[in-house]
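In: my questions concern the predicted model and sequence given below.
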Amino acid sequence: MKLYIKYMVSLRCKIVVRDALKNLGLHYTSLELGVVDVMEDINNEEREKLKAALLESGLELMDDKKAVLIEKIKIVITEMIHYNDELPKVNYSEYISKIMGYDYTYLANIFSEVKGITIEHYIIAHKIEKVKELLLYDELNLTEISYRMNYSSVSHLSTQFKKVTGLTPTFFKSLKDKKRNSLDEV
């Protein structure tokens, strides 16, 4: 039985879910960001207990089909940007559509309707968070970051960074108190 979990964006979230399942005596075959395959059928009482245990850690068990689809889109984007060494060279819409198995227009319409922003803006927000992370690590220069994040130029990256944060990448890097958002806040 597949269960979908909202706000599950990191290894720590996986650990929380694993522990919650273990405490309820439930077994799983796979545990990925946003989805877990539970071996047993879960009755309503177990579902409510799992729901309560997840809520304590800021996670949410989902039932609504649109919410599940939105969460899957968010997970695809999060994994694409934050957990791959390089972003896909294909158009993001093609990539998301291929992974999800749905027409991109359908996905984009549902995403915009439910989240109030476009998938494109959601991707940009995540890319800027990744750029912040790379700037903080100080291992790559701006040209290398621009290339790694599939920007057409350093100028394009800088313009988009300033539009989202109000700061230039160079100024952000020079700040002593650098602020990054957690992935579930993006």
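Out: Yep, it's here.
In: and the pLDDT at the residue nearest to the spatial centre of the chain?
Out: The structure's the chain has its C-alpha centroid closest to Thr78; by Cα atoms, centre = their mean the separation is 3.0 Å. If you check Thr78, the pLDDT there is 92.
In: now do Lys178
Out: Lys178 is assigned 62 on the pLDDT scale.
In: C-terminal to the helix or strand containing the residue nearest to the centre of the chain, what's the next element?
Out: Here Thr78, judged by DSSP states H and E, is contained in helix 65-82. As assigned by DSSP H and E, the chain's next helix or strand after helix 65-82 is helix 92-100.
In: that next one vs helix 65-82, what angle?
Out: Here helix 92-100 runs at an angle of 120 degrees relative to helix 65-82 (axes from the mean of the first three to the mean of the last three Cα atoms, to 10 degrees).
In: just checking, what packs against helix 92-100?
Out: helix 65-82, helix 104-115, helix 119-137 (3 or more Cβ pairs under 8 Å, 6 or more residues apart in numbering; DSSP states H and E). Any C-beta I mention is one placed from the backbone N, CA and C, and that applies to glycine too.
In: give me the buried positions along the strand or helix carrying Tyr147.
Out: In the assignment (DSSP H and E), Tyr147 maps to helix 142-148. By 16 or more other Cβ atoms under 10 Å, the buried positions in helix 142-148 come out as Leu142, Ile145, Ser146.
In: output the below-cut-off pLDDT ranges for this structure.
Out: Applying pLDDT under 70 to the chain flags residues 176-186.
In: any idea how far the helix holding Thr78 is from the chain center?
Out: A distance of 6 Å separates the centroid of the chain from that of helix 65-82, by Cα atoms, centre = their mean, to the nearest Å.
In: could you export it as PDB, CA atoms only?
Out: Output of helix 65-82 as PDB, limited to C-alpha atoms (Å, rounded to 0.1, in the frame of the first residue of the first chain):
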ATOM      1  CA  LYS A  65      -5.400  13.100  -5.100                       C
ATOM      2  CA  LYS A  66      -4.500  16.600  -6.200                       C
ATOM      3  CA  ALA A  67      -2.400  17.100  -3.100                       C
ATOM      4  CA  VAL A  68      -0.600  13.800  -3.800                       C
ATOM      5  CA  LEU A  69       0.100  14.900  -7.400                       C
ATOM      6  CA  ILE A  70       1.400  18.300  -6.300                       C
ATOM      7  CA  GLU A  71       3.600  16.700  -3.700                       C
ATOM      8  CA  LYS A  72       5.000  14.300  -6.400                       C
ATOM      9  CA  ILE A  73       5.800  17.300  -8.700                       C
ATOM     10  CA  LYS A  74       7.500  19.100  -5.800                       C
ATOM     11  CA  ILE A  75       9.600  16.000  -5.000                       C
ATOM     12  CA  VAL A  76      10.600  15.600  -8.700                       C
ATOM     13  CA  ILE A  77      11.800  19.300  -8.700                       C
ATOM     14  CA  THR A  78      13.500  19.000  -5.300                       C
ATOM     15  CA  GLU A  79      15.400  15.800  -6.400                       C
ATOM     16  CA  MET A  80      16.200  17.300  -9.800                       C
ATOM     17  CA  ILE A  81      17.800  20.500  -8.300                       C
ATOM     18  CA  HIS A  82      19.100  19.500  -4.900                       C
END
